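Colleague: return a 3D structure for these sequence lines:
(2 chains)
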Amino acid sequence: MSITVKDVSKRFGEFLALDQLSLEVPSGALLALLGPSGSGKTTLLRIIAGLEIQDSGTVLYQDEDVTGARVRDRNVGFVFQHYALFRHMSVFENIAFGLRVRHWSRARVKERVHELLRLIQLEGLEHSLPSQLSGGQRQRVALARALAVQPKVLLLDEPFGALDAKVRQELRQWLRRLHEEIHVTSVFVTHDQEEAFEVADRVVIMNQGRIEQAGTPQEIFEQPANPFVMDFLGNVNVFHGRVQDGRADLGGFNVEYPEYTERESRAATAFVRSHELDIQRVRNGRPALQANVVHINPARTVVKVRLHAEEFGVWLNVDLGWERYNELQLRAGESVFVLPRRMRVFVQDYQI
Amino acid sequence: MTTDVNRRVLPGFALSLGYTVFYLSLLVLIPILAGVVKTSSLSLESFWAAVSTDRAVAAYKLTVGAAVVSAAIDIVLGAVVAWVLVRYDFPLKRIFDALVDLPFALPTAVAGLVYSDLYTEQGWLGRFLVPLGIQGAYSRLGIVLVLTFIGFPFVVRTLQPVIENLETDVEEAAACLGASRWQTVTRVLLPAIYPATITAFALAFARALGEYGSVVFISGNMPYRTEIAPVLIVARLEEFAYGEATAIAIVLLVISLATLFLINLLERWSTRAHG
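Modeller: Numbers count the residues shown, from 1 in each chain, chains lettered A, B, ... in the order given. Below is the predicted model:
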């Protein structure tokens, strides 16, 4: 069941939460709405569910216009950040709730609930109360409750936001596997880009009620559409400067920039990801910045080096592979040269 | 050598415990004990004779019955008012909210006077109700009316914070799962506030059981018909039958302790069942 959102706008008082937004979620996709807080991603999710009514625009499930349909008639599975379990009901009754209000027979309810308990790997806990479960278990129960009624679409509002890092990691992978098993069209909201890229097969980056970029995680990572996306994805060094006559002068780097050949100089911003910077001990003729090593932080897969280029007042973050790091034998306080392997230059006014 | 060291983290334990015991003794235990001692001046036979007269039994029944009925009415009215005050915004909401506490502040005798005035044949409401056969003043109905008025704020103030704590996402979850509004209320919301409802009932009931000031004005105090136990105690006192008066008081005390104990058990059971 695909979801189509057409020209949806929503205002809360003076605040424009969604601005003429359109979005297509293909049938069977697992799509992440990613953005900073206040970008409108939760509002969009709630409008798709029918928990919020848009000021204008339409929402379609497949070809059916559900714009005016009530929540209870839409048959959506919704998972809330804080679980929203029924506290006075056992795990079994929580999962059975949607079936009971549909007047399923006792035997069928029992069968279906046990099927879901197997799916969420909580067999044997059906008589527990939500208060007796851990956060991760509660969220799995909430997910089973949403799935019990075989919803047309599954919507998750920051489903792992309230959990600690390790459990979050496990649940992400579990959700990914679950989706491969059941293939229900799913949309989840997150502000954690790592989570979005790891779980989703399509990512939509939102900002100020609009979509900045939509695509597969790979597309977005390889070809960020604009400075906002580049900056939001993080792990990036930003250089401000100007472009003129096919050259760019950006915070100490003077590089060729054939895309802009006008005589009039214009402001530009360049982004270089931490792993796209290299450190060398000698200047080899290519554009490089002289900088002092300030701090070395060995992380799991890379070594994070922080440097300061005094001449230009620029701080740099460089991720070195372990091999390269061992080769260089860096020490804090050393003076080295930093050079970019790849730079993305955006010639436009953009305020960070 | 280390025995003098105060090992408690929170200071003032001895002082606060001493104060609590002193307070309880002075204000609660000693008066109750005095009542028991006073009654013991009666022999067992005369105690039984004093508390088991038809008039006394009728008074107990009326007292407990009216308290139960009024507390039950309060639960329904109070739950609705608490819900409206928590969930909706409307003009003058703060004034309505403050009005709920009026029965706390108003001398209950005033309530009794006003109610009896309203419901007599010439009263604003009685003018229309009495011809229909509804006797609001000098009747059992009148007693229930004032007791409902007196117990009302207890219910609202007990349920209000509990309703405030009900997250709206639970209701939204129920709606997403296909529940109608009615199903959401009966299956999700009411069970969630159920334990607090028992507490609220207990408070309203206990308050109604001991009420005197308002009832004495509206009930007419007819023996066997509209005389509640506290009024009977006063009647006995006016006859200088102090022993009999305290004997009835002891019975009332036992009834209220027993009910509170029972309700406490019920509360415990329900909080266990509901987590």
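Colleague: going by C-alpha atoms from here, please, whenever you check contacts or count neighbours.
Modeller: Noted.
Colleague: what does chain B put close to chain A?
Modeller: B:167, B:169-170, B:172-180, B:183, B:188, B:191-192, B:273-275 (CA under 8 Å from any CA of the partner chain).
Colleague: pLDDT weak spots in the stretch 201-350 of chain A?
Modeller: Confidence mapping of the stretch 201-350 of chain A against pLDDT under 70 gives the ranges A:348-350.
Colleague: quick one, helices of it?
Modeller: A:217-222, A:227-233, A:322-328 (DSSP state H, counting those that start in this stretch).
Colleague: what's the burial count for residue 179?
Modeller: Just going to use chain A. 18 (other CA atoms under 10 Å in any protein chain shown).
Colleague: actually chain B
Modeller: By other CA under 10 Å, neighbour count at residue B:179 equals 25.
Colleague: look up how far residue B:174 lies from the closest residue to it other than its chain neighbours.
Modeller: For residue B:179, ignoring the flanking residues on the chain, the nearest one in space by CA to CA, 6 or more residues apart in numbering or on different chains is residue A:101 at 5.8 Å. According to CA to CA, to the nearest Å, residue A:101 and residue B:174 sit 9 Å apart.
Colleague: ok, these two, which is more surrounded?
Modeller: residue B:174 (27 against 16).
Colleague: let's verify the more buried one: helix, strand, or coil?
Modeller: Classification of residue B:174 by DSSP: H, G, I helix; E, B strand; the rest coil places it in helix.
Colleague: tell me who's in contact with it.
Modeller: Residue B:174 sits next to A:98, B:184, B:188 when contact means CA atoms under 8 Å, 6 or more residues apart in numbering or on different chains.
Colleague: repeat that for residue A:47.
Modeller: Counted by CA under 8 Å, 6+ apart, residue A:47 has contacts A:53, A:54.
Colleague: just the pLDDT for it.
Modeller: If you check residue A:47, the pLDDT there is 94.
Colleague: residue A:77 too?
Modeller: The predicted local confidence for residue A:77 is 93.
Colleague: what secondary structure does it sit in?
Modeller: Residue A:77 - assigned by three-state DSSP - is strand.
Colleague: so it touches residue B:176, yeah?
Modeller: Yes. Under the criterion of CA atoms under 8 Å, residue A:77 makes contact with residue B:176 at 6.5 Å.
Colleague: chain B contacts on chain A?
Modeller: So chain A meets chain B at A:49, A:51, A:71-80, A:84-89, A:97-98, A:101-102, A:129, A:131, A:146, A:149 (CA under 8 Å from any CA).
Colleague: mind listing which of those residues are in helices?
Modeller: Of the positions in these, A:49, A:71, A:72, A:73, A:74, A:97, A:98, A:146 sit in helices, assigned by DSSP state H.
Colleague: which among the residues you listed count as buried?
Modeller: Neighbour-count burial (16 or more other CA atoms under 10 Å in any protein chain shown) applied to these gives A:49, A:71, A:72, A:74, A:97, A:98, A:146.
Colleague: retrieve the pLDDT associated with the closest residue to residue A:80 other than its chain neighbours.
Modeller: Nearest residue to residue A:80 in three dimensions, chain neighbours excluded: residue A:157, at 5.3 Å (CA to CA, 6+ apart). We have a pLDDT of 93 for residue A:157.
Colleague: tell me how far residue B:130 lies from chain A.
Modeller: Noted for residue B:130: a distance of 47 Å to chain A, by CA to the nearest CA, to the nearest Å.
Colleague: list the contacts of that residue.
Modeller: Counted by CA under 8 Å, 6+ apart, residue B:130 has contacts B:119, B:120, B:121, B:136.
Colleague: who wins for most neighbours among those residues?
Modeller: residue B:136 (25 neighbours).
Colleague: measure that one to residue B:230 for me?
Modeller: From residue B:136 over to residue B:230 (counting by CA to CA), the distance is 21 Å.
Colleague: pull the number of nearby residues for residue A:247.
Modeller: 18.
Colleague: swap that for residue B:84, please
Modeller: The burial count for residue B:84: 14, using other CA under 10 Å.
Colleague: which residues are contacting stretch A:56-67?
Modeller: In contact with stretch A:56-67 (CA under 8 Å, 6+ apart) are residues A:1-10, A:20, A:48, A:50, A:74.
Colleague: and these, which of them are in strands?
Modeller: Mapping the contacts of stretch A:56-67 onto strands (DSSP state E) picks out A:3, A:4, A:5, A:6, A:7, A:8, A:9, A:10, A:20.
Colleague: quick check, pLDDT for the second one.
Modeller: Note for residue A:4: predicted pLDDT of 93.
Colleague: so who does it touch?
Modeller: Applying CA under 8 Å, 6+ apart, the residues near residue A:4 are A:22, A:23, A:24, A:25, A:59, A:60, A:61, A:62.
Colleague: mind listing what's buried along stretch A:219-227?
Modeller: Here stretch A:219-227 shows A:220, A:224, A:227 as buried, counting by 16+ other CA under 10 Å.
Colleague: next: stretch A:6-19.
Modeller: In stretch A:6-19, counting by 16+ other CA under 10 Å, buried: A:6, A:8, A:9, A:10, A:17, A:18, A:19.
Colleague: again, but for stretch B:236-250
Modeller: Buried, per 16+ other CA under 10 Å, within stretch B:236-250: B:236, B:242, B:243, B:244, B:245, B:246, B:247, B:248, B:249, B:250.
Colleague: if we ignore the residues flanking it in sequence, what's nearest residue B:108?
Modeller: residue B:214 (4.9 Å).
Colleague: tally up the residues packed near the one you found, please.
Modeller: Applying other CA under 10 Å, we find 24 residues neighbouring residue B:214.
Colleague: my guess is it contacts residue B:106, does it?
Modeller: No. With contact defined as CA under 8 Å, residue B:214 does not count as touching residue B:106 (10.6 Å).
Colleague: how close does the closest residue to chain A within the stretch 101-250 of chain B sit to residue A:150?
Modeller: Closest to chain A within the stretch 101-250 of chain B is residue B:178: 4.1 Å, counting by CA to the nearest CA. From residue B:178 over to residue A:150 the distance is 12 Å, taken as CA to CA.
Colleague: which of those two has more residues huddled nearby?
Modeller: Neighbour count, other CA under 10 Å: between residue B:178 and residue A:150, residue B:178 has more, with 26 against 17.
Colleague: which element is the residue nearest to residue B:108 on?
Modeller: Element membership of residue B:214, judged by DSSP states H and E, is helix B:213-218.
Colleague: by contact count, what packs against whichever helix or strand comes after that helix?
Modeller: Where DSSP H and E defines the elements, the next helix or strand beyond helix B:213-218 is helix B:229-238. For helix B:229-238, the packing partners by 3 or more CA pairs under 8 Å, 6 or more residues apart in numbering or on different chains; DSSP states H and E come out as helix B:54-87, helix B:242-274.
Colleague: now the angle from helix B:229-238 to helix B:54-87?
Modeller: 140 degrees (axes from the mean of the first three to the mean of the last three CA atoms, to 10 degrees).
Colleague: tell me, how many residues neighbour residue 151?
Modeller: In the absence of a named chain, this looks at chain A. 19.
Colleague: oops, I was thinking of chain B
Modeller: Neighbours around residue B:151, by other CA under 10 Å: 28.
Colleague: any stretches of the stretch 151-275 of chain B with poor pLDDT?
Modeller: B:272-275.
Colleague: please consider this matter closed, and thank you.
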